[in-house]
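Sequence first, then the predicted structure:
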Amino acid sequence: MSLLIKNGEIVTASDRYVADLLIENGVISMIGRNITAPAERLIDAAGKYVIPGGIDAHTHLDMPFGGTTSADDFESGTIAAAFGGTTSVIDFAIQYRGETMPQALENWSRKAEGKAAIDYGFHMIVTELTESGLGDMDAMTRAGVTSFKLFMAYPGVFMVDDATIFKALLRTKENGGLICMHAENGGVIDVLVKQALSQGQRAPKYHALTRPTRAEGEATGRCMALAEMADAPIYIVHLSCSDALEQVKRARETGLRGYAETCPQYLFLSYENYEEPDFAGAKYVMSPPLRERWNQDVLWKGLANGHLQVVSTDHCPFCFKEQKELGRDDFSKIPNGAPGIETRLMLLYNGGVLPGRISLNKFVDLVSTTPAKMFGLFPRKGAICVGADADLVIFNPHAEKTLGLRSLHMRVDYNPYEGTKVKGVPETVLSRGKVIIDNGKFTGRAGAGQFLMRKPFEPI
Ligand code: URP
Ligand code: ZN
Ligand code: ZN
């Protein structure tokens, strides 16, 4: 199958120029002006941007959590991702206690195979680390799972101690892996949650009030110190507030290879959402929680000046009915997470590029190129160059859309951005040269997505 995209404005993390793109056998085979080579299909992209497909480095599809399972599986979630201009996801496989990492990888591969409509990779969530577990980490990096998520929160479920974190960091220094950290002080939070419940504080807002920014800042600083002692790189996931960002900045200034992502929810939503009436605050229960609004500006500046390098979604959707409602009488029983896999590019373009907070090149860098580099996929993904996979988005900067249940495709009964009007929409999306979103219609196939063997970490 060959395809020619003509007259689009190609935008990468570094360049902007009008050119044609020839795609053959799933990869970009030629970039130039006035390409006349024959192709089976021609798309005129005049007046539109052509950008590398988005890479969402943080999703939880079909994940058992909080007594229920996230509402999108690999089929519905990756189709929604494609509608939003994302052509690769890196999801989290979970190694439960008593289980090996190869077993966990097999379990998550089974969830994705035959279902994923776009390419997918895995990080490995490590919940215990025995001697053989350290060997498993090496085996995972050889199998293309080159990053490991550890939790400093959720005691009794996911949380590991400092010694485990330190051992894992030392191992990644040897095997080329990257530790991804959920940085919140789980011990402190546990005490605060118990205290709140004993005082009858049960509404959704207490989820946020029992997870102070200092608990995130402290854990961020602590794991940065552990990484410094191990002389290993570290990546903070879903960073939500100024307190934590200060710790990342400080560590980076001393030369640590410390990196961090934030997510649209922390750039657009805030603590006040928890005070919405009729238990609606439960829609925003996630960890870390939404913060006071002033943090948003600090995070936008962090993205603009490079202290934050990636915007991912932490897509972990639970329906309001029957799932979020599990915590109607007790905020600590509300499953943690929210939907976002489909709205990331539109939100970041609207909140970042249109008001001039970040450049168009920076936008591409945050949603595609740096996640590809950080997680061993560049230049196969995240780039527009000859030989790269033709994972491309034709982004129409003039098209408008109202975000909400009627216009979106995630399998969840609410949307945190319901009614938000955006300008700039992913119109046509290609996955390895195949058009999977054609002018707003899904034309791909569940099961067409391939497992991504990722390379070891390289400093960026
Ligand atoms: O609330 C969240 N973030 N749910 C997903 C699990 C995690 O910690 O990333
Ligand atoms: Zn987390
Ligand atoms: Zn997550």
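Nice, thanks for sending it over. Ligands and ions are numbered 1, 2, ... in the order given.

Assign a three-state SS to residue 427, would you?
Secondary structure of residue 427, reduced to three states by DSSP: H, G, I helix; E, B strand; the rest coil: strand.

any bit of the top helix by length along the chain sitting next to ligand 1?
In the chain, assigned by DSSP state H, the helix with the most residues is helix 213-230. No - contact between helix 213-230 and ligand 1 is absent, the nearest approach being 11.9 Å (criterion: Cβ under 6 Å from any ligand atom). Yep, even glycine has a C-beta here, placed from its N, CA and C like the rest.

If you count neighbours, what's buried in that helix?
For helix 213-230, the buried set under the neighbour-count rule, 16 or more other Cβ atoms under 10 Å, comprises 213, 215-224, 226-228, 230.

From those residues, pick the one nearest residue 314.
Residue 314 has its nearest neighbour among the buried residues of helix 213-230 in residue 216, at 13.9 Å by Cβ to Cβ.

Now do the same contact list for the closest one.
Residue 216 makes contacts with 183, 184, 185, 239, 240, 241, 243, 244, 288, as judged by Cβ atoms under 8 Å, 6 or more residues apart in numbering.

Not counting sequence-adjacent ones, nearest residue to the last one?
Of all residues beyond its chain neighbours, the one nearest residue 288 is residue 240 (4.0 Å), with distances taken as Cβ to Cβ, 6 or more residues apart in numbering.

Surely that neighbour touches residue 296?
No - here residue 240 lies out of contact with residue 296, judged by Cβ atoms under 8 Å, at a distance of 10.0 Å.

between these two, who's got more neighbours?
Neighbours were counted for residue 240 and for residue 296 using other Cβ atoms under 10 Å; residue 240 has more, 26 against 20.

phi, psi of the more buried one?
When quoted as degrees, to the nearest 10, the phi and psi of residue 240 stand at phi -120, psi -10.

Common neighbours of residue 240 and residue 296, please.
Here residue 240 and residue 296 share the contacting residues residue 266, scored by Cβ under 8 Å, 6+ apart.

And the helices in the stretch 101-250 of the chain?
In the stretch 101-250 of the chain, the segments counted as helices under DSSP state H, counting those that start in this stretch are 101-112, 131-142, 162-175, 186-198, 205-209, 213-230, 242-253.

Using CSV, list the CA coordinates for the shortest one.
Yep, that's helix 205-209 we're talking about. Once non-C-alpha atoms are left out, helix 205-209 reads as follows in CSV (Å, rounded to 0.1, in the frame of the first residue of the first chain):
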residue,chain,number,x,y,z
LYS,A,205,-12.9,16.3,48.6
TYR,A,206,-11.2,14.5,51.5
HIS,A,207,-9.3,12.4,49.0
ALA,A,208,-7.4,15.6,48.1
LEU,A,209,-7.3,17.0,51.6
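
Count the neighbours of whichever residue of the stretch 351-460 of the chain sits closest to ligand 1 for me.
Ligand 1 sits closest to residue 416 of the stretch 351-460 of the chain, with a gap of 12.6 Å, by Cβ to the nearest ligand atom. Neighbouring residues of residue 416 were enumerated by other Cβ under 10 Å; the total is 20.

Sticking with residue 23, tell me its helix or strand.
Assigned by DSSP states H and E, residue 23 belongs to strand 16-24.

Which secondary structure state is assigned to residue 99?
Local secondary structure at residue 99 is given as coil here, using three-state DSSP.

again, but for residue 435
Each residue gets one of three states, and residue 435 gets strand by three-state DSSP.

That one contacts residue 443, doesn't it?
Yes - Residue 435 is within contact range of residue 443, at 5.7 Å (criterion: Cβ under 8 Å).

okay, those two: which has more neighbours?
Set side by side, residue 435 and residue 443 show more neighbours around residue 435, with 20 against 13, by other Cβ under 10 Å.

measure the more buried one to residue 390 for me?
Taking Cβ to Cβ, to the nearest Å as the measure, residue 435 and residue 390 are separated by 10 Å.

what touches both of those two?
With Cβ under 8 Å, 6+ apart applied, the overlap between the contact sets of residue 435 and residue 390 consists of residue 3.

quick one on the thing from earlier: want to throw the contacts of residue 216 into a markdown table with pLDDT and distance to residue 118?
Converted to a markdown table, these look like this (pLDDT from 0 to 100; distance: Cβ to Cβ, whole Å):
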| residue | pLDDT | distance to residue 118 |
| --- | --- | --- |
| 183 | 99 | 29 |
| 184 | 98 | 30 |
| 185 | 98 | 36 |
| 239 | 99 | 25 |
| 240 | 99 | 27 |
| 241 | 99 | 31 |
| 243 | 98 | 35 |
| 244 | 99 | 30 |
| 288 | 98 | 27 |
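
out of those residues, which one sits closest to ligand 1?
Distances from the contacts of residue 216 to ligand 1 were compared by Cβ to the nearest ligand atom; the smallest belongs to residue 288, at 7.5 Å.

Regarding the closest one, what is its secondary structure?
For residue 288, the reduced secondary structure class is coil; criterion used: three-state DSSP.
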